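Q: Below are the sequence and a predicted model for it; my questions follow.
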Amino acid sequence: MDERKTSQAKTAKPHAFFDQPHEVVADPALSKGQKKKALDALEQDARQLSAASAEGMSGGEATGLHDVLNAKDALELQPTEYAYEVVLKDLRSRLTTDATGGARAAVKHALAALAAVTASSTPMSAAASGSTPIGNPKPGSAAEVDAELALEKLDP
C-alpha cells in the first residue's frame, strides 16, 4: 500500500492502526487535517459506545472518550506545549500506577517543577485577554488541581 493510501486508511479506520488516540497525534505520516479526521472518527466511535453503554448494551469496555478529547486538545497545542503536556501526562500516569517511595517523591517533584515552568511561560497576551493560555490546565480541571497541589508542596 502506498503512503497516500495508508494515510487515507489511517484516517478512515484509525482503530485498525492506532491503539491509543495520542498515537494519532504523534504519527508523522499524517497531516494535521488527517489527524483531526482520524480523531473525529475515534470520538464518534467513543460517543456511540458511551450511548450504548448508557442504554445497557455495553460489554463493559471503556469508551476512551476522555483520551480522544485529550488527544484533540493536544493536536491544537504548539510543539513545545505539546511536549510539556505529554511529559506531564506520563508523570501523572506513573504517579497513579507504579511510583513508590523515592520514585514517587521524584515524580511529584518533577510534576511540580514542570507545572512551575509552564506557569511561568504564560504568554502575556493570553493573561491580558483572560483566556486560558495554551499548555496550562483549564480552570477547575483535575490537571489544574494537580498543578496547584504540586506547587503547594514546594512552598515551605
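A: Good, I have the coordinates.
Q: which residues of the chain score low on pLDDT?
A: For the chain, the stretches with pLDDT under 70 are 1, 57-63, 99, 118, 120-140, 150-156.
Q: which residues of it fall in helices?
A: Along the chain, counting by DSSP state H, helices occupy 3-12, 21-26, 32-54, 65-75, 79-97, 101-120, 124-129, 142-154.
Q: The ones you listed into a markdown table, with extra columns for mean neighbour count?
A: Heads up, the C-betas are built off the backbone N, CA and C, glycines and all. Below are the helices of the chain laid out as a markdown table (neighbours: other C-beta atoms under 10 Å):
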| stretch | mean neighbour count |
| --- | --- |
| helix 3-12 | 14 |
| helix 21-26 | 20 |
| helix 32-54 | 16 |
| helix 65-75 | 17 |
| helix 79-97 | 15 |
| helix 101-120 | 15 |
| helix 124-129 | 10 |
| helix 142-154 | 14 |
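Q: so how far is residue 2 from the residue sitting nearest the centre point of the chain?
A: In the chain, the centroid-proximal residue (C-alpha atoms, centre = their mean) is residue 70; its distance is 3.7 Å. Distance, residue 70 to residue 2, by C-beta to C-beta, to the nearest Å: 31 Å.
Q: what's the answer for residue 89, then?
A: 34 Å.
Q: and what of residue 42?
A: For residue 42 relative to residue 2 (C-beta to C-beta), the value is 24 Å.
Q: so who does the residue nearest to the centre of the chain touch?
A: 21-22, 89 (C-beta atoms under 8 Å, 6 or more residues apart in numbering).
Q: same deal with residue 38?
A: By C-beta under 8 Å, 6+ apart, residue 38 lies in contact with 10-11, 14, 18, 24, 30.
Q: any idea how far the nearest residue to it once chain neighbours are set aside is from residue 74?
A: Distances taken as C-beta to C-beta, 6 or more residues apart in numbering put residue 14 closest to residue 38, at 4.1 Å, once the chain neighbours are dropped. Counting by C-beta to C-beta, the gap from residue 14 to residue 74 is 15 Å.
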